[in-house]
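Visitor: This is a predicted model, with the sequence first.
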Amino acid sequence: MFIHALTIGGAQSRTLALANGLAARGHQVDLIVAARGAAGETRLDPRVRLVPLSPRPPETVGSGLRRIADLMTSIPALARYLNSAGPDILLSMANHVAPIAALGHALMRRPKSTLLVLRASNHVTRTPSAHGNALRRLHLQPFWTQADHIIAVSGSVADSLIVGLGIAPSRITVLPSPILPDDLAARAAQTPEHDWLRAPDPARPTLLGIGRFVPQKGFDLLLDAFDQLRRRRSARLLLLGEGPQRPLLEEKVRQLGLEDLVSLPGITRNPFAALSHADLFVLPSRWEGLPATLIEALACGCPVVAADCPGGVREVLQDGRIGRLAPPGDAGLLAAAMDEALSQKPDRTVLQNAIQPYRSAAAIAAYEAWLLACLAGRDMARTPLKTGTYGS
C-alpha cells in the first residue's frame, strides 16, 4: 500500500484502517510512504511493515509544493522497492499518489509480476458533469489507464473516471471504505471537548463542520451561510480542523462579526463525541470522493445538511432521503437547508442503519475478498467481481 505520508486526511485514515485490518487478518502488508515521521505512524499495527522511501519528514498540512517534491523524488526509490520486495499487488491509496505509483511500477524490471491497483479517493474532474477539461484529462489519463484495475470510493468517483478520463467501466470496482471504527459507540458516548457541546443550550443549537481548512471543503461558504442563518434564528457554529485557510477563515469571522458565535478550536481527538452531541452537521464541500465525516455524522445519529457537490454525497444521503442536499456554492440555499434541518429532527436509527457497509470490519472484508480474487486469477483486472462492481 502506498501513500505520501500518514498525515491528517481521509485517505490517510482509510490507509491506516485498511493496513491494520488486513495485517490483523494474517496478510503481509508493507505500507510505503514517500515521507516518514507523520503522527499517524504511531497508530500502525506492529504487524505492518513501514517502508519509508525518504528519511525526510512530511510537509506541514496543506503545503502542496513540498508534497510534490517528496513524491517526485520518491519514484526511483519506489521502483527499487518493487524490484526488491516483489509484492503481489501495489495498491495506491489516493489520487495524488496514483501518478507516482504508476511511474514507479512502469520502472520495474518485471512490471507484470505485480498488479497495479489505483484507488480513486476523490472525484477526478471535480465538475458536476464529470467531463472536466481537456488539459486535466490529458494530464491524468496516461497514469490511470496504466492500472490493471481501479478501485473507486463511490459511484460518482467511478463516473468521473469513466466520463472524464475515458476509463472502461469494466476496469473499475466500487468498494466501501473502512470509515467507522469498531469502538464507535464507546467513543461517541465520551464527553466532547468543547464547552458548547458539553453544556448545550437548547435556545442556541450548535452546528458542526469538520475537515481540513482547504478550498475544497468550502468552510468559507459555510461562514457566509451561517451569517444568513443567524439572522433567522439563534445558533452557534463550531469548525473542527486545521489547514492553510485558517487565517482566511478567522479573518472572515471577524469581518462578519461572528466572533461570539463561531469557534475554530483546532483538531479534535474524538470527532464521534462531538458529532453525537451536535444539533446539526454541515458539509459545504465543493467536491468530494466519499465524505467520511458525513458518514461519521450519520453513524452518530446527527442530522446532516450537505452541498450536492461532485463526489459521493448524494449516494450517501440516498438522494436526500436521509439528509438535506443544497446546491453547491449557494450560501443562501445552504442557509435555508440548515434552517429547515434544525426544525425537523430525523429518526436516528434510520441514519445509523444506512451506513452499515462503511463499518471497518465489513469494508476490510470486502477489500480482502476482492484482492484475494485478483490474486486467484490475474485476469480479474479485466473481468472484475460482479458484486461491488460499478454498474452491477
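Guide: In hand now; what should we look at?

Visitor: how about the lengthiest helix in the chain: buried residues?
Guide: In the chain, with assignment by DSSP state H, the single longest helix is helix 360-376. Buried residues in helix 360-376, defined by neighbour count with 16 or more other C-beta atoms under 10 Å: 360, 363, 364, 366, 367, 368, 370, 371, 374. For every residue, glycine as well, the C-beta is placed using N, CA and C.

Visitor: Low-confidence regions, the stretch 101-250 of the chain specifically.
Guide: Along the stretch 101-250 of the chain, segments meeting pLDDT under 70 span 129-138.

Visitor: give me that answer again for 80
Guide: Regions of the stretch 101-250 of the chain meeting the criterion pLDDT under 80 cover residues 126-139.

Visitor: Would you map the strands across it?
Guide: Taking DSSP state E, counting those that start in this stretch as the test, the strands found in the stretch 101-250 of the chain are 115-120, 149-152, 172-174, 206-210, 236-240.

Visitor: again, but for the stretch 251-392 of the chain
Guide: 262-266, 280-283, 304-307, 324-326.

Visitor: Export those strands to JSON lines and append columns for distance to residue 246 and mean neighbour count.
Guide: Output for the strands of the stretch 251-392 of the chain, formatted as JSON lines (distance: least, C-beta to C-beta, whole Å; neighbours: other C-beta atoms under 10 Å):
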{"stretch": "strand 262-266", "distance to residue 246": "7", "mean neighbour count": "17"}
{"stretch": "strand 280-283", "distance to residue 246": "18", "mean neighbour count": "27"}
{"stretch": "strand 304-307", "distance to residue 246": "21", "mean neighbour count": "28"}
{"stretch": "strand 324-326", "distance to residue 246": "24", "mean neighbour count": "23"}
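
Visitor: Format those strands as JSON lines; extra columns: mean pLDDT and distance to residue 157.
Guide: Converted to JSON lines, these look like this (pLDDT from 0 to 100; distance: least, C-beta to C-beta, whole Å):
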{"stretch": "strand 262-266", "mean pLDDT": "97", "distance to residue 157": "29"}
{"stretch": "strand 280-283", "mean pLDDT": "98", "distance to residue 157": "16"}
{"stretch": "strand 304-307", "mean pLDDT": "98", "distance to residue 157": "16"}
{"stretch": "strand 324-326", "mean pLDDT": "97", "distance to residue 157": "18"}
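
Visitor: now those in TSV, with distance to residue 228?
Guide: Formatted as TSV, those follow (distance: least, C-beta to C-beta, whole Å):
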stretch	distance to residue 228
strand 262-266	13
strand 280-283	13
strand 304-307	13
strand 324-326	12
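
Visitor: nearest to residue 218, of the ones you listed?
Guide: Closest approach to residue 218 among those (C-beta to C-beta): strand 304-307, 6.5 Å.

Visitor: Strand partners (parallel or antiparallel) of that closest one?
Guide: strand 280-283 (parallel), strand 324-326 (parallel) (DSSP bridges).

Visitor: could those strands go into JSON lines alongside distance to residue 172?
Guide: What follows is those, written out as JSON lines (distance: least, C-beta to C-beta, whole Å):
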{"stretch": "strand 280-283", "distance to residue 172": "25"}
{"stretch": "strand 324-326", "distance to residue 172": "25"}
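
Visitor: Among the ones you listed, which comes closest to residue 162?
Guide: Proximity to residue 162 (C-beta to C-beta) singles out strand 324-326 among the strands paired with strand 304-307, at 22.8 Å.

Visitor: what's in contact with the closest one?
Guide: With C-beta atoms under 8 Å, 6 or more residues apart in numbering as the test, strand 324-326 has contacts from 304-308, 313-314, 317, 319, 333-334, 336-337, 340-341.

Visitor: any idea how the protein splits into domains?
Guide: Listed domain ranges for the chain are 2-178+360-381, 184-356 (source: automatic domain parsing).

Visitor: How far off centre is the shortest one?
Guide: Spelled out, it's domain 184-356. When distances are taken as C-alpha atoms, centre = their mean, to the nearest Å, domain 184-356 is centred 16 Å away from the chain's centroid.

Visitor: Please apply the same query to the longest one.
Guide: Taking the mean of its C-alpha atoms, domain 2-178+360-381 sits 13 Å from the chain's own mean (C-alpha atoms, centre = their mean).

Visitor: re earlier: okay, and which of the contacts of strand 324-326 map to helices?
Guide: Per DSSP H, those map to helices at 313, 314, 333, 334, 336, 337, 340, 341.

Visitor: Apart from its chain neighbours, what residue comes closest to the third one?
Guide: Okay, so that is residue 333. Excluding the flanking residues, the one nearest residue 333 by C-beta to C-beta, 6 or more residues apart in numbering is residue 326, at 4.9 Å.

Visitor: what's the answer for the fifth one, then?
Guide: Distances taken as C-beta to C-beta, 6+ apart place residue 326 nearest to residue 336, at 7.6 Å, with adjacent residues excluded.

Visitor: Check the second one too.
Guide: Residue nearest to residue 314 in three dimensions, not counting chain neighbours: residue 308, with 5.9 Å by C-beta to C-beta, 6+ apart.

Visitor: looking at it, the one you found is touching residue 327, isn't it?
Guide: Yes. Using C-beta atoms under 8 Å, residue 308 is in contact with residue 327, at 6.1 Å.

Visitor: Could you check how far residue 154 is from residue 311?
Guide: Computed as C-beta to C-beta, to the nearest Å, the residue 154 to residue 311 distance reads 7 Å.

Visitor: residues shared between the contacts of the two?
Guide: 289, 290.

Visitor: which of residue 308 and residue 327 has more neighbours?
Guide: Higher neighbour count among residue 308 and residue 327: residue 308, with 19 against 13, using other C-beta atoms under 10 Å.

Visitor: Buried subset of the ones in helices among the contacts of strand 324-326, written for PyMOL?
Guide: In PyMOL, a selection of the buried entries from these looks like this (16+ other C-beta under 10 Å):
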select buried, resi 313+314+333+334+336+337+341
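
Visitor: which of the ones in helices among the contacts of strand 324-326 lies closest to residue 261?
Guide: Looking at the ones in helices among the contacts of strand 324-326 and their distance to residue 261, the nearest is residue 334, at 16.5 Å (C-beta to C-beta).
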